[in-house]
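# Here's my sequence, what's the structure:
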Amino acid sequence: MQYIGSIDQGTTSTRFIIFDKQGNMISVGQKEHAQIYPQAGWVEHDATEIWQNTQEVIGLALGKVNLSPHDLAAVGITNQRETTVIWNKHTGEPYYNALVWQDTRVGNTVAELEASRGANCFREKTGLPLATYFSGLKIKWLLDNVEGLREAAQNGEAIFGNMDTYVIWNLTGGTDGGIHVTDVTNASRTQLMNLHTMQWDDEILAILDIPKQILPEIRSSSEVYAEAKGLLVGVPVAGDLGDQQAALVGQTCFAAGEAKNTYGTGCFMLLNTGTTPTPSTHGLLTTVAYQFGKEPVHYALEGSVAITGALVQWLRDNLGIIEKSSDIEDLAKSVEDNGGCYFVPAFSGLYAPYWKADARGIIAGLTRYVNKGHIARAALEATAFQTLEVLESMEKDAKIEISSLRVDGGMVVNEMLMQFQSDMLDVPVVCPAMIETTALGAAYAAGLAVGYWQDLNDLKQNWGVAHTWKPDMPAEQREKLYHYWKKAVTRSFEWEE
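Model (predicted):
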């Protein structure tokens, strides 16, 4: 009996999950990696540590159920998107720590480009506004600031990848024949790929002064790229999806108009818009949803919220008002409402629909009455408010009303948050039986490529509902809460000068 392996290289940890044909989790290995904050606004990872952890978790998951590579039909990769690493293809050594998607060090470059070319100068080609978020400007920063790197890039020694590319290169041999590829979803997050041609855009590369030879080859999300070496020797490496697109696939949102929201470190809502890209006029990103083999590319609208689950971690690690993340729900339930307190977690600016890099986090509405329970509740409510803003933008851009929202990610275990989310959206919130949809999506992409699953109908049959939350809040109360949230958000604008 064969299984599918999935490497889920996330922002805080790396996991290897083994799935069966019904989409059930057979085994999992997981290991956290260090979060490096050299100064305010800078967020880095040690890519070498992440690759070591990847190997460890593969061994761990296989060992738990006594499986060998022969038991795996294929392996897929999903990853934190936009996180940028450049390494030497002869030694495998990174030239610098990976710059994480949350990193804001390129803020000045964003401001300069906005002033000279306009905030939407690359949007028509890439679907993306100028922001600190995407990989392209991070590559430029590394080339401009790491001694000797630009020269190494120009002479073909240095190569770039988001984390999918780095993991696949190492997985397929590294310095011994590792392949340098990415898929259309990850390429669409660099701000360097043209959404209409699915190729790197020479004009944007020239503007940002990025040599084309450092970029990986762009492939579909579901095809056999190469066979693995090392721990997974002989296993076809056959799926590659950015984490949010992987969750869309794992949720089987294959029809235009189907949407999912993933509650993780940040919050990411994707709406499948079919085989034509939908431009956004309401602060959303136009992105690639997936491409299976030679089939047409599917597109999505995406709303990205930078800080959701990370806010709970911040309350735990920086303020110490909870011991572990799961304590947040009980603390929030210790009060009846937010006590007039609103928490806008713009720690690294605001993403959709505002795209304000100069915003910073605030707690508004504080009085002597407010206690840590109210702050905990306000932190959870912030996730739901931000999701509502994104959903409203999606409905305007796509000109459809979303009738329910499929949800996944670590925060869906929080009953209070999910009920409040349904109340604020005024639609049912639906959680699938398998909440590890990101890893599952990468497994699906790999399995389709090797015929483990025949078609999309096979995948849809695996999807089942675990829980549905239905709205139960008077419209007047919803509108009042949302009014004060909007007011609080405006207070966070233009804090950085």
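# Quick one: residues contacting the nearest residue to Met193 once chain neighbours are set aside.
Computed as Cβ to Cβ, 6 or more residues apart in numbering, the closest residue to Met193 that is not its neighbour in sequence is Ala187, at 4.2 Å. All C-beta atoms are positioned from the backbone trio N, CA, C, and that covers glycine. Ala187 makes contact with Met193, Met198, Trp200, Pro216, Ile218, Val288, according to Cβ atoms under 8 Å, 6 or more residues apart in numbering.
# Between all of those, which two are separated the most?
The largest separation in those, counting by Cβ to Cβ, is between Pro216 and Val288 at 15.0 Å.
# The two - which one has more neighbours?
The neighbour count for Pro216 versus Val288, taken as other Cβ atoms under 10 Å, is higher for Val288 (26 against 23).
# how near is the more buried one to Gly230?
30 Å (Cβ to Cβ, to the nearest Å).
# For stretch 200-220, buried residues please.
Neighbour-count burial for stretch 200-220, counted by 16 or more other Cβ atoms under 10 Å, picks out 200-201, 204-205, 207-208, 210-211, 214-216, 218-220.
# now the end-to-end length of that stretch.
This stretch, stretch 200-220, spans 14 Å end to end (Cα to Cα, to the nearest Å).
# Off-centre distance for that stretch?
On the basis of Cα atoms, centre = their mean, to the nearest Å, stretch 200-220 is displaced by 22 Å from the centre of the chain it belongs to.
# Other residues contacting that stretch?
By Cβ under 8 Å, 6+ apart, the surrounding residues in contact with stretch 200-220 are 86, 117, 122, 125-126, 136-137, 139-140, 143, 153-154, 156, 158-161, 165, 180-184, 187, 191-194, 198-199, 225, 240, 291-294.
# Go through those residues and flag which are in strands.
If you go by DSSP state E, the contacts of stretch 200-220 have 86, 158-161, 181-183, 193-194, 199, 225, 240 in strands.
# ok, back up a step: from the contacts of stretch 200-220, list the buried ones, please.
Among the contacts of stretch 200-220, those classed as buried by 16+ other Cβ under 10 Å are 86, 122, 125-126, 136-137, 139-140, 143, 153, 158-161, 165, 180-184, 187, 191-194, 198, 225, 240, 291-292.
# for the longest helix belonging to the chain, the distance to its chain's centre please.
Identified as the longest helix of the chain according to DSSP state H is helix 372-398. Distance of helix 372-398 from the chain centroid (Cα atoms, centre = their mean) equals 17 Å.
# Can you spell out which helices and strands pack onto the helix or strand just after it?
Counting by DSSP states H and E, the next helix or strand C-terminal to helix 372-398 is strand 405-408. Strand 405-408 sits against strand 259-263, helix 415-425, strand 429-432, with contacts defined as 3 or more Cβ pairs under 8 Å, 6 or more residues apart in numbering; DSSP states H and E.
# 6 Å - rerun?
Secondary-structure packing of strand 405-408 (3 or more Cβ pairs under 6 Å, 6 or more residues apart in numbering; DSSP states H and E): strand 259-263, strand 429-432.
# Of the ones you listed, give the one that comes closest to Ile4.
Between Ile4 and the helices and strands packed on strand 405-408, the shortest gap by Cβ to Cβ is with strand 429-432, which sits at 17.6 Å.
# Other residues contacting that closest one?
Strand 429-432 has contacts (Cβ atoms under 6 Å, 6 or more residues apart in numbering) with 404-407, 412, 418, 421-422, 463, 465-469.
# Relative to that strand, what are the paired strands and their orientations?
The pairing partners recorded for strand 429-432 under DSSP bridges are strand 405-408 (parallel), strand 465-469 (antiparallel).
# show me where the stretch 1-150 of the chain has helices.
For the stretch 1-150 of the chain, the helices defined by DSSP state H, counting those that start in this stretch cover 47-64, 107-117, 123-126, 135-145, 149-154.
# Ranking those by mean neighbour count, which comes first?
Per residue and on average, the most neighbours among the helices of the stretch 1-150 of the chain fall to helix 135-145, with a mean of 22 (mean count of other Cβ atoms under 10 Å).
# May I have it exported as CSV, CA atoms only?
The C-alpha coordinates for helix 135-145 follow below in CSV (Å, rounded to 0.1, in the frame of the first residue of the first chain):
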residue,chain,number,x,y,z
SER,A,135,10.4,38.4,-3.0
GLY,A,136,11.6,40.8,-5.8
LEU,A,137,12.7,43.7,-3.6
LYS,A,138,14.2,41.3,-1.1
ILE,A,139,16.4,39.9,-3.9
LYS,A,140,17.4,43.4,-4.8
TRP,A,141,18.3,44.2,-1.2
LEU,A,142,20.5,41.1,-0.9
LEU,A,143,22.3,41.9,-4.2
ASP,A,144,22.8,45.5,-3.1
ASN,A,145,23.9,44.8,0.5
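# Tell me which other helices or strands it touches.
Applying 3+ Cβ pairs under 6 Å, 6+ apart, one finds that helix 135-145 makes contact with strand 84-88.
# between the strand it packs on and helix 47-64, how many degrees?
100 degrees (axes from the mean of the first three to the mean of the last three Cα atoms, to 10 degrees).
# roughly how far is strand 84-88 from the heart of the chain?
Distance of strand 84-88 from the chain centroid (Cα atoms, centre = their mean) equals 19 Å.
# buried stuff in that strand?
Per 16+ other Cβ under 10 Å, strand 84-88 contains these buried residues: Thr84, Val85, Ile86, Trp87.
# And for stretch 10-25?
Neighbour-count burial for stretch 10-25 flags Gly10, Thr11, Thr12, Thr14, Arg15, Phe16, Ile17, Ile18, Phe19, Gly23, Met25 (criterion: 16+ other Cβ under 10 Å).
# Specify which member of these is nearest to Leu456.
Minimum distance to Leu456 across the buried residues of stretch 10-25 is 13.0 Å, recorded for Gly23 (Cβ to Cβ).
# Which neighbouring elements make contact with the helix or strand where Tyr482 lies?
Using DSSP H and E, Tyr482 maps to helix 475-491. The contact analysis (3+ Cβ pairs under 6 Å, 6+ apart) places helix 475-491 against strand 342-344, strand 362-364.
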